[in-house]
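Visitor: Predicted structure and sequence below. I'll ask about it afterward.
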Amino acid sequence: MKRIRSEWSRTAEERESFRRRVELCAGCPAEQAVFLDIETTGFSRLYDSVYLVGLLYERQGRIWLEQLLLSDIREEPELLLALQECLAPFSVMITYNGDAFDRPFLAQRASRLCVGALRQGESVDMLKRYRSYSAWFGWSSLKLKSLEGFLGVERRDEFDGGQLISVFREYSRTEDEGLERLLLLHNAEDVQNLPRLLQIEEFWREAQQSRVSAARLREDTIWFILDRPLPLTVEGHANGGTWSCEAGSCQAALTGSVTKASLRYYLPNYKDYYYIPAKEQIVHRSLADTIPRSERRAATQEHCWLPRNGCFWPGRPEDIPELHSYRQAARDKAVYYEISELQSWMAAQGEERLTQWFHRCWN
């Protein structure tokens, strides 16, 4: 078995970003967390083996990549014992799909080969966290390489884990240095890209914690002025609108489909009215004494509306309950706010109310 350790060279600013993101994600000092990724000969925890483990961690302000590679499958117990030693200083393990694959695979192999229980610490599985963000970001796939592509991360490695199984088998027979480089490169890029994925977590947390000092509607876009810059340039989708954010900017833009139409404001107190079918009119109960009972009946919500022509912003009834909400039909879930009324409302709101509205629109 080979144990290869090298420094992951980064600038002081990059090391600070690494430390900040790890602490944000793991909830502990960066030196207590380790990134982990494994390569195996298959998916069976009983019959397949782990042949390569990559670890990334910080020690005394420097970031290290450590890899444990088998030369022969019979060395797997040795690898697992070395991994026990490597994991001992850490209280948190950060993975991508580790709860479903890496952690149980390692635990089962350690048990089956009688090398003792692996102390894997608390788990942070980024795949589980990011699944809830996928609709907002519009991700069609949650594969590691898909998210790397989303962040613009380029890889030199051209293989996937399945393709490398045959490479490992040939390497274990020949110990060819070229094949060894292929195996190590794939695993190194997998584990080194895990901290980069934390940019997504950082972005989401910063957006969720942002306060809004002002909001302005220009044409079909609402610009929210935030109290902090967002760390990514991204486009997202929520509630029928499109969000645009630029890295380093304290603005978040929500673009919606402004509608120019004739819509209806349905009166909430429709039970206070009668409907006159012959005239297709409504009249308040307090004014209906002169109308024969045979000519009137209790109004329903469908009867009680006021027309409004203008330009409207799409929304949901719960978004801004202070404003009149317009619909095309009484039972429509989609509602609209008149642009001029919405602009006046935004101008009159303070930070607390605008922040609440921002987060409601965002989610």
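Guide: Cool, the structure landed. Predicted model, so just to flag it, every value in this text is computed and none were measured.

Visitor: In space, what's closest to E322 - neighbours in sequence excluded?
Guide: Spatial nearest neighbour of E322, excluding adjacent residues (C-beta to C-beta, 6 or more residues apart in numbering): W345 at 6.7 Å. Every residue, glycine included, has its C-beta placed from N, CA and C.

Visitor: Which residues does the helix or strand where L217 lies contact?
Guide: Here L217, judged by DSSP states H and E, is contained in strand 212-218. Contact partners of strand 212-218, identified using C-beta atoms under 8 Å, 6 or more residues apart in numbering, comprise 222-227, 313, 339, 342-343, 346, 349, 351, 354-355, 357-358.

Visitor: Please, which helix or strand holds L183?
Guide: Per DSSP H and E: helix 177-209 holds L183.

Visitor: F358 too?
Guide: Short version, using DSSP H and E: F358 is in helix 351-362.

Visitor: how about the residue lying closest to Q281 once chain neighbours are set aside, what does it touch?
Guide: The shortest distance from Q281 to any non-neighbouring residue, by C-beta to C-beta, 6+ apart, is to Y275 (7.6 Å). Going by C-beta under 8 Å, 6+ apart, Y275 touches Q281, I282, R296, R297, A298, A299, T300, H303.

Visitor: try 7 Å
Guide: Neighbour list for Y275: I282, R296, R297, A299, H303 [criterion: C-beta atoms under 7 Å, 6 or more residues apart in numbering].

Visitor: Adding pLDDT and distance to G138, write the residues you listed out as TSV.
Guide: Listed next are these as TSV, based on pLDDT from 0 to 100; distance: C-beta to C-beta, whole Å:
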residue	pLDDT	distance to G138
I282	92	44
R296	92	52
R297	93	49
A299	92	44
H303	93	41
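
Visitor: So the closest residue to L127 other than its chain neighbours versus S123, what's the distance?
Guide: Nearest residue to L127, sequence neighbours excluded (C-beta to C-beta, 6+ apart): N97, at 4.4 Å. Counting by C-beta to C-beta, to the nearest Å, the gap from N97 to S123 is 11 Å.

Visitor: now do R353
Guide: Distance, R353 to S123, using C-beta to C-beta: 38 Å.

Visitor: just to revisit the earlier point, the residue nearest to L127: neighbour count?
Guide: 16 (other C-beta atoms under 10 Å).

Visitor: same thing with E23?
Guide: Neighbours of E23 under the rule other C-beta under 10 Å: 15.

Visitor: Now do the same contact list for it.
Guide: By C-beta under 7 Å, 6+ apart, the contact set of E23 is P29, A30.

Visitor: Equivalent analysis for L342, please.
Guide: The contact partners of L342, by C-beta under 7 Å, 6+ apart, come to L217, W313, L323.

Visitor: Just give me how far the helix or strand containing it sits from the chain centre.
Guide: In the assignment (DSSP H and E), L342 maps to helix 339-348. Here helix 339-348 is found 31 Å from its chain centre; the criterion is C-alpha atoms, centre = their mean, to the nearest Å.

Visitor: Tell me how far the nearest residue to S134 once chain neighbours are set aside lies from Q192.
Guide: Distances taken as C-beta to C-beta, 6+ apart put L142 closest to S134, at 6.1 Å, once the chain neighbours are dropped. L142 sits 19 Å away from Q192, going by C-beta to C-beta.

Visitor: Can you give me the first-to-last residue distance of stretch 64-80?
Guide: 19 Å (C-alpha to C-alpha, to the nearest Å).

Visitor: Contacts for it next, please.
Guide: 1-8, 49-57, 82-83, 86, 109-110, 113, 115, 172, 175, 183-184, 187-188, 191-192.

Visitor: Can you show me the helices along the stretch 51-200 of the chain?
Guide: 76-87, 103-112, 126-130, 134-137, 144-150, 161-174, 177-209 (DSSP state H, counting those that start in this stretch).

Visitor: Let's have these in TSV, adding mean pLDDT and distance to G236.
Guide: Below are those laid out as TSV (pLDDT from 0 to 100; distance: least, C-beta to C-beta, whole Å):
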stretch	mean pLDDT	distance to G236
helix 76-87	96	36
helix 103-112	96	30
helix 126-130	94	13
helix 134-137	93	5
helix 144-150	90	11
helix 161-174	92	30
helix 177-209	94	9
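
Visitor: Pipe the ones you listed into TSV and attach mean neighbour count and distance to K333 per row.
Guide: What follows is the helices of the stretch 51-200 of the chain, written out as TSV (neighbours: other C-beta atoms under 10 Å; distance: least, C-beta to C-beta, whole Å):
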stretch	mean neighbour count	distance to K333
helix 76-87	18	51
helix 103-112	18	42
helix 126-130	18	28
helix 134-137	14	18
helix 144-150	17	31
helix 161-174	15	44
helix 177-209	19	25
